[in-house]
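Chemist: with the sequence up front, the predicted model follows.
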Amino acid sequence: MCLADFLRYFDSLSVCYHYTPRATAWHELRFQSQFVLSKGGAQTATPAFGSSFYHFTLSSDATVFLSIHQADTRVAGTAPYIDIGALIYCEEEKKVVCDTQFVLERSVSQSVVLPPGQYVVIPYTSGAKMLAMKSCQRPFALAIHSDVAMEVRALPVDPPLLHAALLDIGRSTANEKSFNDVVSVYSHWSGPVLTYAVHVATNTTSTSPDKRNFEITLDCGKSENAISSVGNLKATHVLSSGELAVFHRLCPADDSKGYTFKYGIAWRSL
């Protein structure tokens, strides 16, 4: 809510957010950053990422409150919302321990209780909206609250780490559909964003499995009110046996209207 709306509708404000069991003040860290479309993202479905990742170390259990914000569209000249999200990745366990999921809103937040360890906060967006708007950069604000003091340092971006983190989320919750025991399509919803990934099966009928290559096309052209992180609704890649790749991250072109996501798949051995 902008200040003008608040002053118009309210005459007082009470803040009561006591999520932590400790009788201590929240420690707050805020960062101004921007999403940047990754090079090759339109060909590989690699999502856009923040211009920095954020590392912190915990020496004791802590409650962490993570939130990410973009500019209010009610402010004149502000671009429409893009899909945004943020996650916390545990370096020791190599898995995602907190995920806000994608939203097409001004902000999203998530809280989690974390044990001691090394963690990385990764802001993300599918990039589909940015590609549709022909926007290579989009500013955002990241806020991290904790009930224990901690130091957070910015790290250079690591796109493979973001890709691995999102795949980790997808593997645990994705729906799988197999075709002739050759290829499988994994679909994973995160808020309004649907990710389609394709996996090529390994030939297990032979004592020395062959490494076959397949040209695979995933066509989402029959979807309604949809845009893709690859810039169009049809993507073709060459995959080897045992390989998994993301082909599309779809989100609504107009989030004020209904949408339907569909796909067709075709492949041939090379």
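Modeler: Perfect, thanks for sending it. Since we're looking at a predicted model, the values are computed, not measured. Numbers count the residues shown, from 1 in each chain.
Chemist: where do the helices sit along this protein?
Modeler: Using DSSP state H, the helices of the chain run over 3-9, 41-44, 128-132, 159-173.
Chemist: can you say which of those is packed in most?
Modeler: Ranked by mean neighbour count, these are led by helix 128-132 with a mean of 22 (mean count of other Cβ atoms under 10 Å). Glycine gets a C-beta too; all of them are placed from N, C-alpha and C.
Chemist: pLDDT on that helix, on average?
Modeler: Averaging pLDDT along helix 128-132 yields 90.
Chemist: for it, packing partners?
Modeler: strand 226-228, strand 244-252 (3 or more Cβ pairs under 8 Å, 6 or more residues apart in numbering; DSSP states H and E).
Chemist: which among these is found nearest to residue 159?
Modeler: Taking Cβ to Cβ, strand 244-252 is the member of the helices and strands packed on helix 128-132 nearest to residue 159, at 12.3 Å.
Chemist: about what we covered before: out of the helices of the chain, which is closest to residue 110?
Modeler: Of all those, it is helix 159-173 that lies closest to residue 110, at 12.8 Å by Cβ to Cβ.
Chemist: which outside residues touch that closest one?
Modeler: 38, 46-47, 49, 53, 87, 89, 94-96, 99, 120, 122, 124, 186, 188, 190, 195, 197, 244, 246 (Cβ atoms under 8 Å, 6 or more residues apart in numbering).
Chemist: low-confidence ranges, the stretch 151-270 of the chain, go.
Modeler: Counting by pLDDT under 70, the stretch 151-270 of the chain contains low-confidence ranges at 203-210.
Chemist: quick one: the strands in it?
Modeler: With strands called from DSSP state E, counting those that start in this stretch, the stretch 151-270 of the chain shows them at 152-155, 175-179, 183-190, 193-200, 213-219, 226-228, 234-240, 244-252, 264-269.
Chemist: turn these into a markdown table, including mean neighbour count.
Modeler: Listed next are those as a markdown table, based on neighbours: other Cβ atoms under 10 Å:
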| stretch | mean neighbour count |
| --- | --- |
| strand 152-155 | 14 |
| strand 175-179 | 11 |
| strand 183-190 | 18 |
| strand 193-200 | 22 |
| strand 213-219 | 18 |
| strand 226-228 | 24 |
| strand 234-240 | 17 |
| strand 244-252 | 24 |
| strand 264-269 | 12 |
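Chemist: mind checking which of these is nearest residue 109?
Modeler: Set against residue 109 and scored by Cβ to Cβ, the strands of the stretch 151-270 of the chain come closest in strand 183-190, at 15.4 Å.
Chemist: who does that closest one touch, helix- and strand-wise?
Modeler: Under the contact definition 3+ Cβ pairs under 8 Å, 6+ apart, strand 183-190 sits against helix 159-173, strand 175-179, strand 193-200, strand 213-219, strand 264-269.
Chemist: that one pairs with which strands, parallel or anti?
Modeler: Strands adjacent to strand 183-190 in the sheet, as given by DSSP bridges, are strand 175-179 (antiparallel), strand 193-200 (antiparallel).
Chemist: any idea how far it is from the chain center?
Modeler: In terms of Cα atoms, centre = their mean, to the nearest Å, the centre of strand 183-190 is set 15 Å apart from its chain centre.
Chemist: alpha carbons of it, as PDB, please.
Modeler: Presented in PDB, the C-alpha positions along strand 183-190 are these (Å, rounded to 0.1, in the frame of the first residue of the first chain):
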ATOM      1  CA  VAL A 183      11.300 -40.100 -22.500                       C
ATOM      2  CA  SER A 184       9.500 -38.700 -19.500                       C
ATOM      3  CA  VAL A 185       8.000 -35.300 -18.900                       C
ATOM      4  CA  TYR A 186       8.100 -33.800 -15.500                       C
ATOM      5  CA  SER A 187       5.600 -31.000 -14.600                       C
ATOM      6  CA  HIS A 188       6.000 -28.900 -11.500                       C
ATOM      7  CA  TRP A 189       3.700 -26.000 -10.300                       C
ATOM      8  CA  SER A 190       5.200 -23.200  -8.300                       C
END
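Chemist: what's next to it, contact-wise?
Modeler: For strand 183-190, the external contacting residues (Cβ under 8 Å, 6+ apart) are 85, 99, 101-102, 169-171, 173-179, 194-201, 214, 216, 218, 244, 263, 265, 267.
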